[in-house]
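J.: Fold the following and give me the result.
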Amino acid sequence: MAVATLANPTRFSALAGRLLPFVLAAALITLAVGLYLSLFVAPADYQQGETVRIMFIHVPAAWLSMFGYGLMAVAALGTLVWRHPLADVAAKATAPIGAAFTFIALATGSLWGKPMWGTWWQWDARLTSVLVLFLMYLGLIALWRAVEDPARAARAAAVLILVGSVNLPIIKFSVDWWWTLHQPASVFRMGGPTIHPSLLVPLLVMAGGATLLFLALVLIGMRNELMRRRIRALGLRAAAAR
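T.: Numbers count the residues shown, from 1 in each chain. All right, here's what the predicted structure looks like:
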């Protein structure tokens, strides 16, 4: 019953409208706490000094760049397999947000890499695969805009999303499979985090706040996309009635 309710665009828009103020408030409060902990409570790293504070923006953005594409991959399955009416709406709304977070990850990574590695950019496996992810996001956004028929665009985008999802494990395990300047996983690893709690706690708070913000923006994007499609349908109906 709940799934059927959410499959109805009108009911979904109403539910999203009720949830949005709470999700946005939680995101802003969590981010405010996370920024305070990151800037004023967390100590400087014994090797990296104050530049370690870039981590509190870079790492959540990098996580969410992959989370966004993973969300789109699930939505693509919803489009092709389950024919869920909101699946393509979710994927299309997520793409520009995922692209923005991927750009933030690339930009902050470059700022962090210059003092640590002595270079703004290195064509190693991790950085190159994240750049490919960013280009995939841009390509999907262009595809949705280029194809006027939403149904055709949805099917084409879903196929491209699933093909591009092979890049996600490459990003995740690139530091283990190939030589790279990028450090290996230090939070989600078998032996537990290697980051000191004084840095780990602010990082996790920032990640939680960024995730809430990401979800709030997706809900806003989905509601806007549903409104655009409703206006388009009304316009086509009016044109056919003439």
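
J.: where along this protein do the helices fall?
T.: In the chain, helices defined by DSSP state H lie at 2-7, 9-36, 55-77, 87-117, 125-146, 150-164, 167-177, 197-241, listed in chain order.

J.: Need those in JSON lines (columns: distance to Tyr46, mean pLDDT and mean neighbour count).
T.: Any C-beta I mention is one placed from the backbone N, CA and C, and that applies to glycine too. Below are the helices of the chain laid out as JSON lines (distance: least, C-beta to C-beta, whole Å; pLDDT from 0 to 100; neighbours: other C-beta atoms under 10 Å):
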{"stretch": "helix 2-7", "distance to Tyr46": "49", "mean pLDDT": "59", "mean neighbour count": "11"}
{"stretch": "helix 9-36", "distance to Tyr46": "22", "mean pLDDT": "96", "mean neighbour count": "15"}
{"stretch": "helix 55-77", "distance to Tyr46": "14", "mean pLDDT": "97", "mean neighbour count": "22"}
{"stretch": "helix 87-117", "distance to Tyr46": "14", "mean pLDDT": "95", "mean neighbour count": "20"}
{"stretch": "helix 125-146", "distance to Tyr46": "24", "mean pLDDT": "96", "mean neighbour count": "18"}
{"stretch": "helix 150-164", "distance to Tyr46": "39", "mean pLDDT": "96", "mean neighbour count": "17"}
{"stretch": "helix 167-177", "distance to Tyr46": "22", "mean pLDDT": "89", "mean neighbour count": "16"}
{"stretch": "helix 197-241", "distance to Tyr46": "11", "mean pLDDT": "93", "mean neighbour count": "16"}
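
J.: Tabulate these in a markdown table, adding columns for distance to Gln183.
T.: Formatted as a markdown table, the helices of the chain follow (distance: least, C-beta to C-beta, whole Å):
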| stretch | distance to Gln183 |
| --- | --- |
| helix 2-7 | 40 |
| helix 9-36 | 21 |
| helix 55-77 | 10 |
| helix 87-117 | 9 |
| helix 125-146 | 9 |
| helix 150-164 | 25 |
| helix 167-177 | 7 |
| helix 197-241 | 13 |
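
J.: Spatially, and excluding backbone neighbours, which residue is closest to Pro85.
T.: Ala7 (5.6 Å; C-beta to C-beta, 6 or more residues apart in numbering).

J.: Give the full set of residues in contact with the one you found.
T.: 84-86 (C-beta atoms under 8 Å, 6 or more residues apart in numbering).

J.: TSV please, covering those and showing distance to Arg229, pLDDT and neighbour count.
T.: Rendered in TSV, the data for those read as follows (distance: C-beta to C-beta, whole Å; pLDDT from 0 to 100; neighbours: other C-beta atoms under 10 Å):
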residue	distance to Arg229	pLDDT	neighbour count
His84	15	92	16
Pro85	10	90	15
Leu86	11	96	20
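
J.: so which of those residues comes closest to Arg18?
T.: Nearest to Arg18 among those, counting by C-beta to C-beta, is Leu86 at 16.5 Å.

J.: need the contact list for the residue of the chain most remote from its centre.
T.: Note on the chain: the largest C-alpha distance from the chain mean falls to Arg242, namely 43.0 Å (C-alpha atoms, centre = their mean). Neighbour list for Arg242: empty [criterion: C-beta under 8 Å, 6+ apart].

J.: Check the gap between it and Arg228 for me.
T.: 22 Å (C-beta to C-beta, to the nearest Å).

J.: Identify the residues contacting stretch 108-119?
T.: For stretch 108-119, contacts defined as C-beta under 8 Å, 6+ apart pick out 48, 51, 54-55, 57-58, 61-62, 120-122, 127, 130, 181.

J.: Please apply the same query to stretch 195-204.
T.: 34, 37-38, 41-43, 45, 52, 55-56, 59-60, 186-187, 193.

J.: cool, and stretch 211-220?
T.: Residues beyond stretch 211-220 that count as contacts (C-beta under 8 Å, 6+ apart) turn out to be 16, 19-20, 23-24, 26-28, 30-31, 60, 64, 67-68, 71, 90, 93-94, 97, 101.
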